[in-house]
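*Asks:* The sequence and its predicted three-dimensional model are supplied below.
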Amino acid sequence: MKRMSSLEYHLGIKLRFYPSDRQKKIIKQNYDAQRFVYNQYVGADCLIYHTKNASKIAQLNSTMPFVMRSMTKYEIDKAKESIEAQELTVKPKNIRDKYCFLRAKNIDSLAIANAIQNYHKAWRNYHKIGYGIPTFHKKRSDWSYQTNCQYFGQDEAYLNNGTVRFIDTKHIRLPKLGIIRIAGFRTLIKKRLHDQIPTRIGTVSIKKTAADQFYLSLQLGSDIAFTKKYDKTQKQIGIDLNLDNFLTDSNGAMVANSKFYRKAKKKLAKAQRVLSRRMLRAKKEGRSLRNAKNYQKQRLVVAKLHDEIRRQRQDFLQVLSTALIKNHDLVVAEELRSKNLLKNHAMAQSISDVGWRTFLIMLEYKADLYGKEFITIDPKYTTQRCHYCGSIMGQNGYQKLTLKDREWTCPVCRKEHIRDWNAAINILEKGQGIWQNPKTKEKAV
Ligand SMILES: [Zn+2]
């Protein structure tokens with residue numbers, strides 16, 4: 001049977017599901033178990049690190065730093081603890097031997113294995129990018145844990161012969177949880193089940209949002225494509241992402257920025273004020289938040305508002321990115337330089353509102369899925385260049401355009417421009433590799 005990584009096509013799907021109360025309890029247990037294990041690893045790390053450091057410092061501070069000194073009682077105790085901690089994290093088995101509740105019937109051993117794997121992944125990430133040391137996971141109101149679909153002895157993987165398997169288009173069986181009711185992707189599941197199309201299920205994430213909704217994310221892999229490619233259209237387009245509207249394309253069309261977040265923000269702010277008032281009251285009266293009914297009720301209201309805003313924005317981005325990919329063979333956008341963009345705090349707010357980064361990820365993913373091309377280019381000079389004659393503002397004594405200049409006239413060729421439209425054309429031409437002066441055929445840059 002082929003491994004996940006050697007299959008040609010991959011698709012992630014997210015399904016809403018509706019667990020029973022018993023299943024909710026099991027999900028919570030597994031979430032707690034994976035968090036516990038992750039935190040054990042982080043704790044062991046901290047202990048080992050601090051013990052090593054402390055003895056190093058003590059050695060340096062002693063009167064004769066080059067002579068091995070004897071350890072104090074405290075240091076010996078710490079060293080012992082740290083050896084124990086080290087042993088605990090050598091093998092996943094050790095931690096499960098020490099804490100036997102991890103062997104409880106309802107605990108998915110793969111959830112624990114995944115927690116450990118995520119911990120190591122966090123370290124690898126840290127070594128690669130230089131920040132994000134694994135830290136303790138706090139208890140949260142959104143839960144998640146991961147399991148895997150395993151195939152034992154089968155020649156070929158299908159949607160219905162692994163340890164995670166579809167019973168029909170509305171039900172799936174999961175390890176420990178049993179059969180749960182699901183919603184979504186019915187056509188895809190039906191076709192693959194009915195036609196027995198070899199499809200492997202990989203990692204499976206089980207999630208509960210803060211608004212108490214349950215979702216299942218499945219990684220699917222297959223040698224048979226999940227979607228039909230879109231027809232070629234012989235059209236290419238450049239898009240300029242800006243704050244005045246969501247985007248302007250190289251044909252001059254503008255897509256308004258919906259700013260869902262800002263509209264709903266007032267509502268959200270109000271709900272959050274109520275929430276913090278209730279938190280204060282509960283604290284004043286010495287009640288724990290978990291038992292403060294009114295607080296918990298309001299927490300759900302806030303979480304639902306957040307969720308609603310996120311979903312609306314997501315829908316907007318989905319529809320727009322699909323339309324762009326479907327109607328064009330090539331889509332060109334500028335790379336986002338978050339560092340530059342986020343310098344200005346007010347602007348940062350807008351950027352997180354409009355979700356450009358998510359949008360670019362969608363374009364890339366969909367281009368791949370539907371057989372189209374999406375590229376990003378370095379945004380240098382895309383705003384300052386006149387696409388008509390190729391001269392660049394801010395060079396040769398011409399004044400640079402500022403954010404205020406929404407419309408401008410090229411001082412060289414006298415062509416009138418709308419800033420974002422001109423930028424979108426430049427972005428497209430840069431993506432096509434034809435950044436030349438159309439009149440003199442000289443390279444403009
Ligand atoms: Zn010009």
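*Replies:* Looks like it arrived, so ask away. Quantities reported herein were computed from a predicted structural model and do not represent experimental measurements.

*Asks:* contacting residues for residue 31?
*Replies:* Residues in contact with residue 31 (C-beta atoms under 8 Å, 6 or more residues apart in numbering) are 143, 144, 145, 208. Backbone N, C-alpha and C define where each C-beta goes, glycine included.

*Asks:* ranking these by neighbours, who comes first?
*Replies:* Using other C-beta atoms under 10 Å as the neighbour criterion, residue 145 leads the contacts of residue 31 with 26 neighbours.

*Asks:* Greatest separation within the contacts of residue 31: which pair is it?
*Replies:* 145 and 208 (10.0 Å; C-beta to C-beta).

*Asks:* pLDDT below threshold where in the stretch 201-350 of the chain?
*Replies:* Low-confidence segments of the stretch 201-350 of the chain (pLDDT under 70): 257-262, 337-350.

*Asks:* returning to what we had before: can you pull the residues that touch both of residue 145 and residue 208?
*Replies:* Contacts common to residue 145 and residue 208, judged by C-beta under 8 Å, 6+ apart, are 27, 31.

*Asks:* where's residue 302 relative to residue 214, distance?
*Replies:* Per C-beta to C-beta, to the nearest Å, residue 302 is found 19 Å from residue 214.

*Asks:* thinking again about what came up before, intersect the contacts of residue 31 with the contacts of the ion.
*Replies:* When C-beta under 5 Å from the ion is applied, no member of the contacts of residue 31 is adjacent to the ion.

*Asks:* wait, which of the residues you listed is closest to the ion?
*Replies:* Proximity of those to the ion (C-beta to the ion) peaks at residue 144, which lies at 53.8 Å.

*Asks:* Okay, and the beta partners of the closest one?
*Replies:* According to DSSP bridges, the partner residues bridging residue 144 are residue 207.

*Asks:* care to break this structure down by domain?
*Replies:* The domain map for the chain lists 4-21+141-222, 23-129, 236-377, with the assignment taken from automatic domain parsing.

*Asks:* got the end-to-end distance for the last one?
*Replies:* Put plainly, it is domain 236-377. Using C-alpha to C-alpha, to the nearest Å, the end-to-end distance of domain 236-377 comes to 15 Å.

*Asks:* where does it sit relative to the chain's centre, distance-wise?
*Replies:* 13 Å (C-alpha atoms, centre = their mean, to the nearest Å).

*Asks:* In the stretch 1-150 of the chain, where is pLDDT below threshold?
*Replies:* Short version for the stretch 1-150 of the chain, where the test is pLDDT under 70: 63-70.

*Asks:* burial of the residue in it positioned nearest to the ion, as a residue count?
*Replies:* Going by C-beta to the ion, the ion is nearest to residue 129 of the stretch 1-150 of the chain, at 41.8 Å. The number of residues packed around residue 129, counting by other C-beta under 10 Å, is 8.

*Asks:* do the same with residue 197
*Replies:* Residue 197 has 15 nearby residues by other C-beta under 10 Å.

*Asks:* now residue 397
*Replies:* 6.

*Asks:* Likewise for residue 199?
*Replies:* 25.

*Asks:* what helix or strand is residue 57 on?
*Replies:* Assigned by DSSP states H and E, residue 57 belongs to helix 21-61.

*Asks:* and that helix, how far from the chain's centre?
*Replies:* Worked out by C-alpha atoms, centre = their mean, helix 21-61 lies 24 Å from the chain centre.

*Asks:* Who are the packing partners of the very next helix or strand once past that helix?
*Replies:* Downstream of helix 21-61, the first helix or strand assigned by DSSP H and E is helix 73-88. Applying 3 or more C-beta pairs under 8 Å, 6 or more residues apart in numbering; DSSP states H and E, we find helix 73-88 packed against helix 21-61, helix 92-98.

*Asks:* hmm, 6 Å instead?
*Replies:* Contacts defined by 3 or more C-beta pairs under 6 Å, 6 or more residues apart in numbering; DSSP states H and E place helix 73-88 against helix 21-61.

*Asks:* Direction-wise, compare the helix it packs on with helix 73-88 and give the angle.
*Replies:* Counting by axes from the mean of the first three to the mean of the last three C-alpha atoms, to 10 degrees, helix 21-61 lies at 140 degrees to helix 73-88.

*Asks:* Can you give me the neighbour number for the residue in the stretch 101-250 of the chain positioned nearest to the ion?
*Replies:* The ion sits closest to residue 250 of the stretch 101-250 of the chain, with a gap of 16.4 Å, by C-beta to the ion. Residue 250 is flanked by 22 other residues according to other C-beta under 10 Å.

*Asks:* interface residues of this structure facing the ion?
*Replies:* Residues of the chain lying near the ion (C-beta under 5 Å from the ion): 386, 388, 389, 410, 412, 413, 415.

*Asks:* can you rerun that using 8 Å?
*Replies:* For the chain, the residues in contact with the ion (C-beta under 8 Å from the ion) are 386, 387, 388, 389, 390, 391, 410, 411, 412, 413, 414, 415.

*Asks:* quick one: which of the residues you listed is nearest residue 228?
*Replies:* Proximity of these to residue 228 (C-beta to C-beta) peaks at residue 387, which lies at 35.3 Å.

*Asks:* Leaving out the residues flanking it, which one is nearest to the closest one?
*Replies:* Distance criterion C-beta to C-beta, 6 or more residues apart in numbering; nearest residue to residue 387, sequence neighbours excluded, is residue 425 at 4.3 Å.

*Asks:* Can you classify the residue lying closest to residue 211 once chain neighbours are set aside by secondary structure?
*Replies:* Excluding the flanking residues, the one nearest residue 211 by C-beta to C-beta, 6+ apart is residue 303, at 4.0 Å. The assignment at residue 303 comes out as helix when based on DSSP: H, G, I helix; E, B strand; the rest coil.

*Asks:* Kindly report the same for the one 5 residues further on.
*Replies:* Here residue 308 takes the helix state, with states given by three-state DSSP.

*Asks:* Ok, residue 2 next?
*Replies:* Residue 2 is classified as coil under three-state DSSP.

*Asks:* What is the neighbour count of it?
*Replies:* For residue 2, the tally of surrounding residues (other C-beta under 10 Å) stands at 14.

*Asks:* quick revisit: filter the residues of the chain next to the ion down to the buried ones, PyMOL style.
*Replies:* Command for PyMOL that selects the buried part of the residues of the chain next to the ion, burial taken from 16 or more other C-beta atoms under 10 Å:
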select buried, resi 386+387+388+389+390+391+410
